[in-house]
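Peer 1: Show me how the following folds:
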Amino acid sequence: MTLPPSRSGRARRARACALVLLALAAPAGRAADTVAVSADQEQSLGIQTAPLGRHAGAVATGLPARVVIPPQQVHALAAPVGGLVAQVAKAHNDPVAAGEAVFVLSSAQLVDDQAALFKAASQQRLLAENSARDGRLLKEGIVPEARYRAARAEEQRAEAEVRALRERLRLAGLDPDDVRRTETEGALTDRVAVRAPIAGVLVELDAGVGARAEAGTLLGKVADLSRLWLEVQVPVDQAALLQPGMPVTVPGVGVAGRLALVESEMSGAQTVTVRAEMGEAASTLRPGQSVEARIGALADARHWRVPSAALAWQSGGTYLFVAAPGGFRAVPVQVLSQSAATAGVTGELSGEERIAVKGVAALKSIWLGKAEAGQ
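Peer 2: Here you go, the predicted model:
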């Protein structure tokens, strides 16, 4: 005995017939991206629309990123002279003030340079007296001019040597008052402090007490952590949508910044490194920390968030069906990000459109059927 078809089965067959008739009835002269649908047909096919309107909010989310210190905010602490590290006044990650002593060196070379300055200064004073005396004798006609010129040349040579030794001790880190006492009194010291050039944090400590160091040896590094960078790894297809000025945030941390640079090179993992300047971030981010970043769109960007069900995929492309007089237009879009419920898209849209959010499969069937009929 044959059972009569159920009501739901009859409805499904009726809807399928309607799709076929709509596809065949579409005027051949219309553009292939336009689907002619009347109001009654919208209702029978279960098509519903909603405003596009809402901004996508993010170009990319969940991106791996690493916190780094801008190189211009890092300063090296180097040994100004060869010697022994006699004292380390700070520990790794300690805050330091500008001009604060971090290391103290004991240096025999420093003592030799001070002795050389005192000797050169004493010689310069003697030569200055001789030059002044010969100048007076020249005026009285007692000595020839050549003798005075020779004395004056010796005095100038000694002055140059004293200036050079003063500068050498200054570069060695000796205080100006100590240099002056050495020059006039012969005061000597074997200790010199290596001071922080800026206020910041001792991010590297490369020498301990008792270590020997040559002039120029790196002892540590001080960094200003008031501003930090994020180096974010972005897939190539998403990197093409980025531009400087886009907002960057670290969810759950409360730190915001701006995109500063999109690098031109691609890594072996098919990602592009982008740099974000995070502003005042020292209290919540740490150099070397791994975080997830979110890159938002600019205020005037053509990005929108739509229900995932509103998207139609065909031949590798993604489309939205936009309401138009007499039906709908299939508008190509690019997906920026997507979750189970919504997707961020960009495309040639104004933001004022209404899009199909239900019945998209029916519209796609009509659209594809019309395209095949026109071939």
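Peer 1: show me where pLDDT drops low in this structure?
Peer 2: Along the chain, segments meeting pLDDT under 70 span 1-32, 53-59, 280-283, 299-301, 370-375.
Peer 1: Return the set of buried residues in the helix of greatest length in it.
Peer 2: If you go by DSSP state H, the chain has its longest helix at helix 108-139. Buried residues in helix 108-139, counted by 16 or more other C-beta atoms under 10 Å: 109-111, 113-114, 116-118, 120-121, 123-124, 127-128, 130-131, 134, 138. C-beta: built from backbone N, CA, C; applies to glycine.
Peer 1: Helices along the stretch 251-375 of the chain, start to end?
Peer 2: Applying DSSP state H, counting those that start in this stretch to the stretch 251-375 of the chain gives helices spanning 360-374.
Peer 1: And for the stretch 101-250 of the chain?
Peer 2: 108-139, 145-171, 176-185, 236-239.
Peer 1: Run the chain-centre distance for the shortest one.
Peer 2: Between the mean C-alpha point of helix 236-239 and the mean C-alpha point of its chain there is a distance of 17 Å (C-alpha atoms, centre = their mean, to the nearest Å).
Peer 1: ok, now which ones touch D206?
Peer 2: Contacts for D206 (C-beta atoms under 8 Å, 6 or more residues apart in numbering) come out as 218-221.
Peer 1: one more time with 7 Å, if that's ok
Peer 2: Neighbouring residues of D206 by C-beta atoms under 7 Å, 6 or more residues apart in numbering: 218-220.
Peer 1: Drop anything exposed from those.
Peer 2: In those, burial by neighbour count holds for 219-220, counting by 16+ other C-beta under 10 Å.
Peer 1: Number of residues surrounding the closest residue to G279 other than its chain neighbours?
Peer 2: Leaving aside its sequence neighbours, G279 sits nearest to G257 (C-beta to C-beta, 6 or more residues apart in numbering; 5.3 Å). Close neighbours of G257, defined as other C-beta atoms under 10 Å, add up to 23.
Peer 1: beta partners of G257?
Peer 2: V248 (DSSP bridges).
Peer 1: and the gap between it and R302?
Peer 2: As judged by C-beta to C-beta, to the nearest Å, G257 and R302 stand 23 Å apart.
Peer 1: ok so, going back, and the longest helix of the chain, what does it pack onto?
Peer 2: For helix 108-139, the elements it packs on are helix 145-171, helix 176-185, judged by 3 or more C-beta pairs under 7 Å, 6 or more residues apart in numbering; DSSP states H and E.
Peer 1: Try it again at 8 Å.
Peer 2: strand 83-88, helix 145-171, helix 176-185 (3 or more C-beta pairs under 8 Å, 6 or more residues apart in numbering; DSSP states H and E).
Peer 1: just the strands in the stretch 251-375 of the chain please.
Peer 2: With strands called from DSSP state E, counting those that start in this stretch, the stretch 251-375 of the chain shows them at 255-266, 271-280, 290-295, 303-307, 312-314, 317-324, 327-338, 342-347, 354-358.
Peer 1: how about these, which one is nearest T189?
Peer 2: strand 271-280 (41.5 Å; C-beta to C-beta).
Peer 1: Going by neighbour count, list what's buried in that closest one.
Peer 2: Applying 16+ other C-beta under 10 Å to strand 271-280 flags 271-278 as buried.
Peer 1: Alright, calling it a day.
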